[in-house]
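In: My questions are about this predicted structure, shown below with the sequence.
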Amino acid sequence: DALADRLAASTEAAGVEVVTKRQDPFEGPGLRAAPVLLLAGLDDLAAAPELREEHFGPVAVVVDVGSQERFAEAVRLMPGTLTATIHAEPEDHAGLAPLTTDLAELAGRVVHNGFPTGVAVNAAQTHGGPYPATSDSAHTSVGWTAVRRFQRPVTFQNAPEALLPEAVRGA
C-alpha cells in the first residue's frame, strides 16, 4: 500500500512522464509490484519532493538535468543515499570529477558504469551514507568496518583513476 501511495503521488507530479505501463492488479498470492520507470526534468524534480523519496519497490526515476553544468544542482536536491551511480563514456570523465566528489558526500557507495551489488559482511562492503540513508552517518551498518564508529567509508566501484580522490589513486 505504501508503494502504491508513493507511486500515485509521484506519477501525478507535474512534468512527470510514466515511461512504462503499470500492470495492476497482479493475480495470485503474495506481494508483487510491476516495475515502473518515470521520467522528469530537473525543474520537475525541484518542484516535486515526492520524486526524491525512496519508493521501496521496483521504481526508477530518471531525471534529465539538461546539461552537465546542472549536475551539482541535481545532487543538492537529493537526500542521503546508500548508493549513487554514474553512467558515462571515457570522453566524459574529465568533466565528472566534481560530480564524483559531490556524490561521495551524498552516498555510502559511488558506482561507476555498473549497478550496486547486494550487501555482504566482508572487508570491502560499505552500506551507509548520510541521513536518511542510515540512522547514523558516521559508520557503515554492515561489514567489518561496522565496528569503527568514527568513519564514514565511501566505496568507488569501477571508478576511473582520474575520478578517484587523490589519496586512493594507484599512482
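Out: Cool, the structure landed.
In: my guess is residue 162 meets residue 92, correct?
Out: No. With contact defined as Cβ atoms under 8 Å, residue 162 does not reach residue 92; the gap is 11.0 Å. Where C-beta positions appear, they are placed from N, C-alpha and C, glycine not excepted.
In: Partner strands of the worst-scoring helix or strand of the chain on mean pLDDT, with direction?
Out: Ranking every helix and strand in the chain by mean pLDDT, DSSP states H and E puts strand 81-86 at the bottom, with a mean of 86. Strand pairing for strand 81-86, using DSSP bridges, gives strand 107-112 (parallel).
In: Dump the partner strand to CSV, restricted to CA.
Out: Provided in CSV are the C-alpha atoms of strand 107-112 (Å, rounded to 0.1, in the frame of the first residue of the first chain):
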residue,chain,number,x,y,z
ALA,A,107,26.3,8.3,-0.7
GLY,A,108,28.0,5.4,1.0
ARG,A,109,29.0,3.9,-2.3
VAL,A,110,29.7,5.6,-5.6
VAL,A,111,29.3,3.2,-8.5
HIS,A,112,30.7,3.9,-12.0
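In: and whichever helix or strand comes after that strand, how far out from the chain's middle?
Out: Counting by DSSP states H and E, the next helix or strand C-terminal to strand 107-112 is strand 155-157. Offset of strand 155-157 from its chain centre (Cα atoms, centre = their mean, to the nearest Å): 13 Å.
In: residue at max distance from the center of the protein?
Out: Relative to the C-alpha centroid of the chain, counting by Cα atoms, centre = their mean, residue 28 is the outermost residue, at 31.8 Å.
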